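Novice: just a sequence and a predicted model for now, questions to come.
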Amino acid sequence: MNVEPLWRNRGRATVYYRKQPRPEGRNFMMKREHETFMQAALVEARAALATGEFPVGVVLVHAGEIVGQGRRANSQAETRNELDHAEICALRQLAQTRPELNPAALTVYSTLEPCLMCYTTLLLSGVRRIVWAYEDVMGGGTNLDLSRLNPLYREMRVELVPKVLRADSLALFQRFFQNSDYWQDSLLSRYTLSQDPGGTP
Ligand SMILES: [Zn+2]
């Protein structure tokens, strides 16, 4: 059977499979929906890159509507820190503007696989569905084994969807690492610059 892993339930380390999207039907519609919202996250990432920041953008989606967005800030210069990641910025914005929304009904679209800080902050915030474009082979945190943690985390069931518009996000990171010293010569930088721009990993 022609299948691909689209999400994994980390809590019990179970991998679920579903059929490849067909040109019609629910899977195809979901793929198109993921790509539409990832395009919006890429707009945020390009805005970050335009100001010399690490090019990560995020949108938060609820019932088919974008209800929050964020982009990486303070990755450079005197104000440099590892707190103002795009996901954290988006969650802060949502807490101020739409605190009534049920986080379990949110889908997070990020142009980069969330790091350990952002992944666990999203989970603690109640988010259970995360879609990303480009894998973070150095600092991605989504392979955290929740089943080995304390009960609060062990019972979480999380849907993860990788590599949506991966090539578009990869292009931004390749431009960034050609022109910046942030994480220069790191595993992520070397991996990114070695990738075929139009290819798959
Ligand atoms: Zn992060």
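Specialist: Structure's in. What do you need?
Novice: residues from this protein in reach of the ion?
Specialist: Taking CB under 5 Å from the ion as the test, the list of the chain residues beside the ion reads 85, 115, 118. All C-beta spots, glycine's among them, are computed from the backbone N, C-alpha and C.
Novice: kindly recompute the last result at 8 Å.
Specialist: 56, 82, 85-88, 112, 114-119, 139, 141 (CB under 8 Å from the ion).
Novice: pull the helix or strand with minimum mean pLDDT from the protein.
Specialist: In the chain, the helix or strand scored least confidently by mean pLDDT, DSSP states H and E is strand 14-19, which has a mean of 42.
Novice: pretty sure residue 62 is touching residue 101, no?
Specialist: Yes. At 5.4 Å, residue 62 counts as touching residue 101 under the criterion of CB atoms under 8 Å.
Novice: so what secondary structure elements neighbour the helix ranked longest in the chain?
Specialist: The single longest helix within the chain, with elements called by DSSP state H, is helix 26-50. For helix 26-50, the contact count by 3 or more CB pairs under 8 Å, 6 or more residues apart in numbering; DSSP states H and E identifies strand 57-62, strand 65-71, helix 86-97, strand 106-112, strand 129-134, helix 166-179 as packing neighbours.
Novice: and that helix, how far from the chain's centre?
Specialist: Using CA atoms, centre = their mean, to the nearest Å, we find the averaged C-alpha position of helix 26-50 to lie 11 Å away from the chain's own average C-alpha position.
Novice: just stretch 55-62 next, same as before
Specialist: Between the centre of stretch 55-62 and the centre of its host chain there is 8 Å, according to CA atoms, centre = their mean.
Novice: pLDDT on it, on average?
Specialist: The pLDDT scores in stretch 55-62 average 98.
Novice: again with stretch 32-40
Specialist: Computed over stretch 32-40, the average pLDDT equals 97.
Novice: buried residues in that stretch?
Specialist: Residues of stretch 32-40 classed as buried under the neighbour-count rule (16 or more other CB atoms under 10 Å) are 33, 34, 37, 38.
Novice: do the same with stretch 53-63
Specialist: Taking 16+ other CB under 10 Å as the neighbour-count basis, stretch 53-63 is seen to contain the buried residues 53, 54, 55, 56, 57, 58, 59, 60, 61, 62.
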